[in-house]
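Novice: sequence and predicted structure are below.
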Amino acid sequence: MRGLIALVAALLLGAVSLAPVAAQDATPSTGGMLSGAELGLEELSIRLTDTAYEGVPAEVTTGRYLYTFENASSAPGGLNFMQLPEGMTAEDLAAMGMEPEASPAAEEHMHATPAEEAQGEEGGEEGGGIPDWFYEVAIAGGAFIEPGQTAQGIVEFTVAGNWVAWGEDPTVPQPPVGFTVTEGMASPEPGPEPAASVTVYEENTPDGFVFRFEGTFTPGQQLVKIVNNSDQPHFVDWTLSPVPITLEQLQQIFGAFETGTPAAGLPSPEELVSVAFAGTQSRGTTQWLLIDLQPGTYIVACFIPDPGRDFVPHAFEGMVEIVTVGESEMPGATPEA
């Protein structure tokens, strides 16, 4: 979750520790791998080094793909597939991590949000400088993993155009890699839809956004399907708590993030460890991610800011759940409030 949107969310929360910069065992590096041949899918094999994304194809057709993402770099890293807004290049996107005067072309795409325009500002604190096109372009999803790990997932390229493979952060040392998506069929004879252990639906409510789960998260490796049925982009972060907590207690932890004063008897920010992360996906899209969960209590949340509600993170509108995987209690558990 250490991406453009993730870092903004962390700043809004006052707690960078929610980002999966300390993710552990997000996906196994060996064994239990998905097979494109068995799924009837074309495969993309992409490798992250300290300086580049390797293996990104120059051109693909619309359709469904199995990707394997290896982090061979020395730092945590992510892979996300995103359509570029009209007129933008991969170089323009990379230049957004520079000072505005370094790239006039990139500056053209950093539009002020409505709240910022009302304040007469460009890239003010209200929206964290998130460009408005982010909420409109097609984003297929992806993964974030630690060095030495390998992630697998399935994404769908739904529209033709210019896309990038990138880390959801223009400041990372690996620049975005552009590729073209053309109309066509990725697999002439695609197999049935991959069978998922759990389906996560991302949905609108009158008060904001929520997750709805079908199936049960269990210890070990499992394929999760994520369907964005809402009207804004979302990611899914699984953060492990050292002890069981309730949603009410989580609200106290959020409050502690803002005040800087730890909540008595509750985990500190440093004790919350992100162990799996499904990259941002836009409205109307579906992705699958192979994850590996140990028994415990997880905070499942999305922190992308909502431009329709003064950029409140989606989790604060209801897009957060407490999920128990395996054992219902662990030594040192915090009693429910």
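Specialist: Now that the structure is in, tell me what you want to look at.
Novice: buried set for the helix ranked longest in the chain?
Specialist: Across the chain, the longest stretch assigned as helix under DSSP state H is helix 247-259. Neighbour counts using 16 or more other Cβ atoms under 10 Å place 249, 250, 252, 253, 254, 256, 257 of helix 247-259 among the buried residues. For the C-beta atoms, the positions are set from N, CA and C on the backbone; glycine is no exception.
Novice: could you do stretch 167-177 as well?
Specialist: Within stretch 167-177, the residues scored as buried using 16+ other Cβ under 10 Å are 167, 168, 169, 170, 172, 174, 175, 176, 177.
Novice: if I look at residue 78, how far off is residue 326?
Specialist: Taking Cβ to Cβ, to the nearest Å as the criterion, residue 78 is separated from residue 326 by 27 Å.
Novice: could you do residue 43 as well?
Specialist: For residue 43 relative to residue 326 (Cβ to Cβ), the value is 31 Å.
Novice: one more: residue 314?
Specialist: Residue 314 is 27 Å from residue 326, by Cβ to Cβ.
Novice: those two: who's more crowded?
Specialist: residue 314 (26 against 14; other Cβ atoms under 10 Å).
Novice: can you pull the contacts of that one?
Specialist: 208, 209, 232, 234, 301, 302, 303, 304, 305, 306 (Cβ atoms under 8 Å, 6 or more residues apart in numbering).
Novice: next, the third one: secondary structure please.
Specialist: Using DSSP: H, G, I helix; E, B strand; the rest coil, the secondary structure recorded for residue 232 is coil.
Novice: count the neighbours of residue 61 for me.
Specialist: Neighbour number of residue 61 under other Cβ under 10 Å is 16.
Novice: please tell me how far residue 134 sits from residue 170.
Specialist: From residue 134 to residue 170 the distance is 12 Å (Cβ to Cβ).
Novice: how about the nearest residue to residue 236, chain neighbours excluded?
Specialist: residue 278 (4.2 Å; Cβ to Cβ, 6 or more residues apart in numbering).
Novice: surely that neighbour touches residue 286?
Specialist: No - the pair residue 278 / residue 286 is not scored as a contact, 11.2 Å apart, by Cβ atoms under 8 Å.
Novice: what ranges do the helices span in this protein?
Specialist: 4-13, 36-39, 90-95, 104-108, 114-118, 247-259, 314-317.
Novice: could you tell me the least trusted of these?
Specialist: Per-stretch mean pLDDT for those is lowest at helix 114-118 (a mean of 38).
Novice: tell me who's in contact with residue 197.
Specialist: 215, 216, 217, 218, 222, 223, 224.
Novice: kindly recompute the last result at 6 Å.
Specialist: With contact set as Cβ atoms under 6 Å, 6 or more residues apart in numbering, residue 197 has these partners: 215, 222, 223.
Novice: tell me what the first one is bridged to.
Specialist: Under the criterion DSSP bridges, residue 215 forms beta bridges with residue 198.
Novice: so how far is residue 303 from it?
Specialist: Relative to residue 303, residue 215 is positioned 24 Å away (Cβ to Cβ).
Novice: one more: residue 87?
Specialist: Taking Cβ to Cβ, one finds residue 87 at 29 Å from residue 303.
Novice: grab the nearest non-local neighbour of residue 288.
Specialist: Closest to residue 288 by Cβ to Cβ, 6+ apart is residue 154, at 4.0 Å.
Novice: so, low pLDDT: which residues of the stretch 201-337 of the chain?
Specialist: Across the stretch 201-337 of the chain, the ranges flagged by pLDDT under 70 are 328-337.
Novice: in it, which spans are strands?
Specialist: 208-215, 220-228, 234-241, 273-281, 286-293, 296-301, 305-306, 312-313, 320-325 (DSSP state E, counting those that start in this stretch).
Novice: what are the pairing partners of the second one, and which direction each?
Specialist: Taking DSSP bridges as the criterion, strand 220-228 forms sheet pairs with strand 198-205 (parallel), strand 286-293 (antiparallel).
Novice: again with the fourth one
Specialist: Strand 273-281 pairs in its sheet with strand 139-145 (antiparallel), strand 234-241 (antiparallel), by DSSP bridges.
Novice: between these, which one is closest to residue 33.
Specialist: strand 139-145 (13.7 Å; Cβ to Cβ).
Novice: ok, and for stretch 229-242, which residues are buried?
Specialist: 230, 232, 233, 234, 235, 236, 237, 238, 239, 240, 241, 242.
Novice: should've said stretch 275-292
Specialist: Buried residues in stretch 275-292 (16+ other Cβ under 10 Å): 275-283, 285-292.
Novice: how close does the most centrally placed residue in the chain sit to residue 310?
Specialist: The structure's the chain has its C-alpha centroid closest to residue 279; by Cα atoms, centre = their mean the separation is 2.5 Å. According to Cβ to Cβ, residue 279 stands 25 Å off from residue 310.
Novice: with just CA atoms, put the longest helix of the chain into PDB.
Specialist: What follows is helix 247-259 as a C-alpha-only set of coordinates in PDB (Å, rounded to 0.1, in the frame of the first residue of the first chain):
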ATOM      1  CA  LEU A 247     -14.700  -2.200  15.300                       C
ATOM      2  CA  GLU A 248     -15.300   0.000  18.300                       C
ATOM      3  CA  GLN A 249     -11.700  -0.500  19.500                       C
ATOM      4  CA  LEU A 250     -10.500   0.100  16.000                       C
ATOM      5  CA  GLN A 251     -12.100   3.500  16.100                       C
ATOM      6  CA  GLN A 252     -10.100   4.200  19.300                       C
ATOM      7  CA  ILE A 253      -6.900   3.200  17.400                       C
ATOM      8  CA  PHE A 254      -7.800   5.500  14.600                       C
ATOM      9  CA  GLY A 255      -8.200   8.300  17.100                       C
ATOM     10  CA  ALA A 256      -4.800   7.500  18.600                       C
ATOM     11  CA  PHE A 257      -3.300   7.800  15.100                       C
ATOM     12  CA  GLU A 258      -4.600  11.400  14.900                       C
ATOM     13  CA  THR A 259      -3.600  12.400  18.400                       C
END
